[in-house]
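# how would this look folded up:
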Amino acid sequence: MREDIDQSGLSPEGTWYDLRGSGSPEAPVVMIHGVGLDHTMWEPQMPALEEAFCVLRYDMLGHGRSEARPVKDITTFVRQLEDLLSYLDITKMHLVGLSMGGVISQAFAGSAPSRLKTLVLMNTVYRRTEEELIGMRHRLQLTREEGLAPIAQAAMDRWFDAPFKAQFPDRVEAIRRKLLANDLKAYADAYAALVEADAIVQDALKQVRCPALVLAGENDPGSTPAIARRMADDLDHAELAILPGLHHLASWEAPETVNGILYGFLKANH
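The predicted model follows:
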């Protein structure tokens with residue numbers, strides 16, 4: 001039975017969530033944002049998804065309207081997801097994660113693969129080499145020493161090229177403001193968990209049996225096409241999409257392109 005859903009609020013564990021759309025809430029599309037952003041980064045995807053699916057978005061701990069909590073490692077954020085799913089009585093889902101959200105999704109998938117109907121990994125990382133970690137370690141140190149301003153500017157330069165900045169200055173400024181609005185300690189703690197996540201995630205994707213979609217921007221310097229292929233190789237039933245000319249925040253940079261791929265995949269496997 002299909003029904004319209006529009007529900008948001010703070011869970012007992014302090015997680016802000018937004019559950020909306022048309023469809024059964026029993027197996028929603030669960031979307032996890034990247035570090036330094038919040039659930040609103042998925043706004044460009046909502047018009048394409050909420051007419052056909054029930055969509056659950058939430059703010060990671062210490063982000064947006066969710067409460068901060070001491071961060072041990074990436075499992076702290078996995079536990080947050082587990083608690084929210086338990087509160088909302090969700091046992092099966094289509095899990096979508098971008099950047100750090102993708103790493104949280106990998107860790108969750110490795111521990112509970114049977115709960116996934118599908119898995120979508122967007123612009124994220126997996127089994128990184130030390131060479132691939134150099135830039136992230138540098139950015140973490142820079143954040144701890146100099147705060148959020150230089151890291152926000154560096155993100156704008158990595159995530160958007162000059163033509164996009166000139167054509168869509170409002171989109172770029174919205175993301176920059178979102179990064180600058182973070183609590184410094186919460187951001188640094190989350191970023192540290194992301195940097196060190198591989199030791200926990202390991203080869204978790206080898207446990208996944210559901211249909212999977214891996215997306216990467218052709219010009220993403222951190223979540224590279226090579227890393228995307230690494231993820232696809234470890235998944236049983238993976239579709240791989242390398243998006244020409246796009247960077248790290250592809251869902252914001254080219255929403256029509258991303259939405260078409262994402263909607264088609266979810267509709268085919270719903």
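# and the residue lying closest to Glu50 once chain neighbours are set aside, how many neighbours?
In space, and not counting its chain neighbours, Glu50 is closest to Gly21: 3.9 Å by Cβ to Cβ, 6 or more residues apart in numbering. Placement of C-beta: from N, CA and C, glycine included. Neighbour count for Gly21, taken as other Cβ atoms under 10 Å: 22.
# Give me the number of neighbouring residues for Val129.
Not Val; residue 129 is Thr. Count around Thr129 with other Cβ under 10 Å applied: 11.
# and the gap between it and Thr224?
Thr129 is 11 Å from Thr224, where distance means Cβ to Cβ, to the nearest Å.
# Low-confidence ranges, the protein, go.
For the chain, the stretches with pLDDT under 70 are 1-3.
# That one: strands as residue ranges?
4-10, 16-22, 29-32, 54-58, 93-98, 116-122, 211-217, 237-243 (DSSP state E).
# tilt between the last one and strand 116-122?
Going by axes from the mean of the first three to the mean of the last three Cα atoms, to 10 degrees, strand 237-243 is angled at 20 degrees with respect to strand 116-122.
# Report the buried residues of strand 237-243.
Neighbour counts over strand 237-243 (16 or more other Cβ atoms under 10 Å) mark Ala238, Glu239, Leu240, Ala241, Leu243 as buried.
# Thought Ala27 was touching the residue nearest to Glu50, still the case?
No: the pair Gly21 / Ala27 is not scored as a contact, 11.9 Å apart, by Cβ atoms under 8 Å.
# can you map out the helices along the chain?
Taking DSSP state H as the criterion, the chain contains helices spanning 46-49, 74-87, 100-111, 130-146, 148-159, 162-167, 169-180, 184-195, 198-201, 225-234, 250-253, 255-268.
# ok, and for the fourth one, which residues are buried?
This means helix 130-146. Burial within helix 130-146, assessed by neighbour count using 16+ other Cβ under 10 Å, is assigned to Glu132, Leu133, Met136, Arg139, Leu140, Thr143.
# could those residues be laid out in TSV, adding distance to Thr124?
Formatted as TSV, the buried residues of helix 130-146 follow (distance: Cβ to Cβ, whole Å):
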residue	distance to Thr124
Glu132	12
Leu133	14
Met136	12
Arg139	16
Leu140	17
Thr143	20
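# Just give me the closest of those residues to Ala155.
Nearest to Ala155 among those: Arg139, at 8.7 Å, using Cβ to Cβ.
# returning to that earlier point: so which of the strands of the chain gets nearest Phe160?
Of all these, the one in closest proximity to Phe160, counting by Cβ to Cβ, is strand 211-217 (10.8 Å).
# Tell me the one of the buried residues of strand 237-243 nearest Asp157?
Leu243 (19.0 Å).
# So what pairs up with the closest one in the strands?
In this structure, Leu243 bridges to Gly217 when assessed by DSSP bridges.
# Test my guess that it contacts Val214.
No: counting by Cβ under 8 Å, Leu243 stays clear of Val214, with 11.1 Å between them.
# follow-up on the earlier one: possible to save the buried residues of strand 237-243 as a markdown table with distance to Asn259?
Shown next, in a markdown table, are the buried residues of strand 237-243 (distance: Cβ to Cβ, whole Å):
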| residue | distance to Asn259 |
| --- | --- |
| Ala238 | 20 |
| Glu239 | 16 |
| Leu240 | 18 |
| Ala241 | 12 |
| Leu243 | 12 |
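# Max pairwise distance over those: which two?
The span of the buried residues of strand 237-243, defined through Cβ to Cβ, is set by Ala238 and Leu243 at 15.7 Å.
# Just checking the distance from stretch 120-140 to the centre of its chain.
Relative to the mean C-alpha coordinate of its chain, stretch 120-140 is positioned 14 Å out (Cα atoms, centre = their mean, to the nearest Å).
# Same check on stretch 4-21?
That offset, for stretch 4-21, works out to 18 Å (Cα atoms, centre = their mean).
# tell me how far the ends of that stretch are from each other?
Start and end residues of stretch 4-21 are separated by 6 Å (Cα to Cα, to the nearest Å).
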